[in-house]
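K.L.:
my questions are about this predicted structure, shown below with the sequence.
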Amino acid sequence: MIEVAVDACRCTSPRGYIGLNTSQNAIGFYRRLGFRDVFDAPPPR
């Protein structure tokens, strides 16, 4: 279910980014879903 939601968000994002504000405890969870750090990503609007 989470993967379907992430795919839906990724498809509707005009920049192709999904921004997250997460706690240190959740970083491993998001990395397992395929998220990665993008330090030069444009800031959210």
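P.N.:
It's in. The shown structure was predicted, so the numbers you read here are calculated from the model rather than taken from an experiment.
K.L.:
and the longest helix seen in the chain, how far out from the chain's middle?
P.N.:
Longest helix in the chain, counting residues (DSSP state H): helix 2-12. On the basis of Cα atoms, centre = their mean, to the nearest Å, the separation between the geometric centre of helix 2-12 and that of its chain is 9 Å.
K.L.:
summarise which helices and strands it is packed against.
P.N.:
Contact analysis of helix 2-12 by 3 or more Cβ pairs under 8 Å, 6 or more residues apart in numbering; DSSP states H and E lists no helix or strand as a packing neighbour. Every C-beta, even on glycine, is put in place using the N, C-alpha and C of the backbone.
K.L.:
after that helix, next one along is what?
P.N.:
helix 27-32 (DSSP states H and E).
K.L.:
what does that following helix contact?
P.N.:
Residues lying outside helix 27-32 but in contact with it, judged by Cβ atoms under 8 Å, 6 or more residues apart in numbering, are Leu20, Thr22.
K.L.:
what number of residues lie near Phe29?
P.N.:
Applying other Cβ atoms under 10 Å, we find 12 other residues in the vicinity of Phe29.
K.L.:
and Cys11, how far from Ala5?
P.N.:
The gap separating Cys11 from Ala5 is 11 Å, by Cβ to Cβ, to the nearest Å.
K.L.:
now Gly28
P.N.:
Counting by Cβ to Cβ, the separation of Gly28 from Ala5 is 19 Å.
K.L.:
before we move on, the earlier item: may I see the buried residues of the longest helix of the chain?
P.N.:
Across helix 2-12, burial judged by 16 or more other Cβ atoms under 10 Å covers no residue at all.
K.L.:
quick one: mean pLDDT for that helix?
P.N.:
Along helix 2-12, the predicted confidence averages to a pLDDT of 76.
K.L.:
again, but for stretch 35-45
P.N.:
pLDDT averaged over stretch 35-45 gives 72.
K.L.:
count of residues packed around Lys19?
P.N.:
Actually, residue 19 is Gly rather than Lys. Residue crowding around Gly19 was assessed by other Cβ under 10 Å; the count is 13.
K.L.:
for Tyr17, same thing?
P.N.:
Tyr17 sits with 13 neighbouring residues when counted by other Cβ under 10 Å.
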